[in-house]
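Undergrad: got a sequence here, can you build the structure:
(2 chains)
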Protein chains: 2
Amino acid sequence: MPHRSTVHEVLIAVFQVRTFIAGQPPELGVLLWQRALDPDKGSWSLPGGVLEDDEDLSTSARRQLAEKVDVRTVAHLEQLSIFSDPDRVPGSRRIASNFLGLVPIYSEPKLPSDTAWHPVARLPRTSFDHGTVVLHARNRLVAKLSYTNIAFALAPVEFAMSTLREIYAAALGYQVDATNLGRVLGRRKVVEPTGRTSPSGKSGGRPPALYRFTESSLRVTDEFAALRPPS
Amino acid sequence: MPHRSTVHEVLIAVFQVRTFIAGQPPELGVLLWQRALDPDKGSWSLPGGVLEDDEDLSTSARRQLAEKVDVRTVAHLEQLSIFSDPDRVPGSRRIASNFLGLVPIYSEPKLPSDTAWHPVARLPRTSFDHGTVVLHARNRLVAKLSYTNIAFALAPVEFAMSTLREIYAAALGYQVDATNLGRVLGRRKVVEPTGRTSPSGKSGGRPPALYRFTESSLRVTDEFAALRPPS
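TA: Next comes the predicted model:
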């Protein structure tokens, strides 16, 4: 059977927990750029583009991401699923491999003038199926927060547990309890105390203890104890 | 830049826990077919083939799988990652989307004459990078056994805990304790007692209690309690 022209592209959903409204808790944001030309001029797109002949998908994702953001600020990048509906975009068929990228809170990477952070809860008009890709990536992030240490890539190097609670609440979309969070993550050896305290406690109280993630690459933290390999 | 001809293919690693050596515990097997023609005549390949213009990847995976096995026996099928090294196969570039398929123990699907189950621990000569794809899929299965209910797709509808222990041990590649396994899976509400016992207990002892999985679609069973959404 003769095959219609097919292009393989990568799309990267880069998330950061950021303050969008002064005085309000931080929210999960996603990096988008605005199309200056048709198709779909004025709509907002995910970073990405066509896979070249001499690169694999991860190489392509890093290259294309570099056009929109300083990739050194991206603490975690991983492949998610593929969107392969034959009619997902007009014209030639485009098969999209989606990636998840995470930038730590408080990092302020320099952005090109067409690019901006948008709260995931209030997306502008997005291009093609990019809004669906954003929500799919957010759902994968939420799932991974529940059984991996992936929050290392959203958190600063050292943090008070109240800050980590804000990060989880922003990413999950609902409140979590800081004491309970600290207890669970400590028991699973995901975070550990640094032995230091924050230089400035709020409202003159006892300065809060600082924590750090024990690892800065992704792992499943939450195996059934019954299934751990013999050590 | 002009683009080299690129083909998108799907490859499906279908696993089943089976007895390969009579009198020995069951082992994890994978479904392979032997190439009667070049390229790489005589080597063993995963089911799969080229994505057609009018189908998405999941539709293609089910269609191509149907050429090698009765797909009604496949209790779970999901997309894993993509192999996109530009030189992974000779000739035209082929980007492979890999799927994981699972067949319950004791099911004996009819197979074409070129197709057979092979123990993952003793693979025959495999085609191209298919051996790597098999091991990658096995590693994903092992990881998912630790934080999801995916074993439902490897188990019979009702089972004694000793059978489930054999299934986990075969898939994981190391021994697990049946009592501990039953306790953990029960507490997480992954399995529940049926209220029935096995008709024939071994060696005249008390007939063992039968269990079943509470669900037959994949879910993360093991969220951090601190991160559950408010109910």
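Undergrad: need phi/psi at A:Leu100.
TA: Per-residue torsions, A:Leu100: phi -110, psi 130 (degrees, to the nearest 10).
Undergrad: brain fart, A:Phe152
TA: In terms of degrees, to the nearest 10, the main-chain angles of A:Phe152 are phi -50, psi -30.
Undergrad: nearest residue to it other than its sequence neighbours?
TA: A:Phe213 (3.9 Å; C-beta to C-beta, 6 or more residues apart in numbering or on different chains). Just so you know, the C-beta spots here come from the backbone N, C-alpha and C atoms, and that holds for glycine as well.
Undergrad: pull the contacting residues for A:Phe213.
TA: Going by C-beta atoms under 8 Å, 6 or more residues apart in numbering or on different chains, A:Phe213 touches A:Asn149, A:Ala151, A:Phe152, A:Ala155, A:Val190, A:Val191.
Undergrad: now, among the residues you listed, which is nearest to chain B?
TA: A:Val190 (9.0 Å; C-beta to the nearest C-beta).
Undergrad: can I get the contacts of A:Phe213 in JSON lines with secondary structure, pLDDT and neighbour count?
TA: Output for these, formatted as JSON lines (DSSP: H, G, I helix; E, B strand; the rest coil; pLDDT from 0 to 100; neighbours: other C-beta atoms under 10 Å in any protein chain shown):
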{"residue": "A:Asn149", "secondary structure": "coil", "pLDDT": "92", "neighbour count": "23"}
{"residue": "A:Ala151", "secondary structure": "helix", "pLDDT": "95", "neighbour count": "23"}
{"residue": "A:Phe152", "secondary structure": "helix", "pLDDT": "95", "neighbour count": "22"}
{"residue": "A:Ala155", "secondary structure": "coil", "pLDDT": "97", "neighbour count": "22"}
{"residue": "A:Val190", "secondary structure": "coil", "pLDDT": "93", "neighbour count": "21"}
{"residue": "A:Val191", "secondary structure": "strand", "pLDDT": "95", "neighbour count": "23"}
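Undergrad: and the helix or strand encompassing A:Gly186, does that touch chain B?
TA: Taking DSSP states H and E as the criterion, A:Gly186 maps to helix A:178-187. Yes - counting by C-beta under 8 Å from any C-beta of the partner chain, chain B has neighbours in helix A:178-187: A:Asn180, A:Leu181, A:Arg183, A:Val184, A:Leu185.
Undergrad: do a quick rundown of the strands in chain A.
TA: When secondary structure is read from DSSP state E, chain A shows strands at A:6-18, A:27-34, A:44-45, A:48-50, A:76-83, A:93-102, A:115-119, A:159-160, A:191-197, A:209-213.
Undergrad: now distance to A:Lys144 too, for those strands, in CSV please.
TA: Putting those into CSV (distance: least, C-beta to C-beta, whole Å) gives the following:
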stretch, distance to A:Lys144
strand A:6-18, 12
strand A:27-34, 13
strand A:44-45, 24
strand A:48-50, 21
strand A:76-83, 9
strand A:93-102, 8
strand A:115-119, 20
strand A:159-160, 19
strand A:191-197, 16
strand A:209-213, 14
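Undergrad: of the ones you listed, which is nearest B:Glu78?
TA: If you check each of the strands of chain A against B:Glu78 by C-beta to C-beta, strand A:76-83 wins as the nearest, at 9.2 Å.
Undergrad: just the angle for that closest one relative to strand B:93-102, thanks.
TA: Put simply, strand A:76-83 runs at 90 degrees to strand B:93-102, going by axes from the mean of the first three to the mean of the last three C-alpha atoms, to 10 degrees.
Undergrad: contacting residues around strand A:76-83?
TA: For strand A:76-83, contacts defined as C-beta under 8 Å, 6+ apart pick out A:11-13, A:57-58, A:61-62, A:65, A:95-102, A:129, A:132-133, A:136-137, A:140, A:150, A:152-153, A:218, B:57, B:79, B:81-82, B:97.
Undergrad: rerun at 6 Å
TA: A:96-102, A:137, A:140, A:153, B:57, B:79, B:81, B:97 (C-beta atoms under 6 Å, 6 or more residues apart in numbering or on different chains).
Undergrad: how about stretch A:46-65?
TA: By C-beta under 6 Å, 6+ apart, the residues outside stretch A:46-65 that reach it are A:7-13, A:68, A:71, A:97, A:99, A:130, B:4, B:82, B:84-86.
Undergrad: quick one: mean pLDDT for it?
TA: The average pLDDT for stretch A:46-65 rounds to 94.
Undergrad: measure that stretch end to end?
TA: One end of stretch A:46-65 sits 9 Å from the other (C-alpha to C-alpha, to the nearest Å).
Undergrad: kindly report the same for stretch A:170-184.
TA: One end of stretch A:170-184 sits 18 Å from the other (C-alpha to C-alpha).
Undergrad: can you give me the pLDDT of A:Pro229?
TA: We have a pLDDT of 55 for A:Pro229.
Undergrad: list the buried residues in stretch A:188-205.
TA: Neighbour counts using 16 or more other C-beta atoms under 10 Å in any protein chain shown place A:Val190, A:Val191, A:Ser198 of stretch A:188-205 among the buried residues.
Undergrad: residues in contact with that stretch?
TA: With C-beta under 6 Å, 6+ apart as the test, stretch A:188-205 has contacts from A:149, A:158, A:160, A:185, A:207-214, A:221.
Undergrad: lovely, talk soon.
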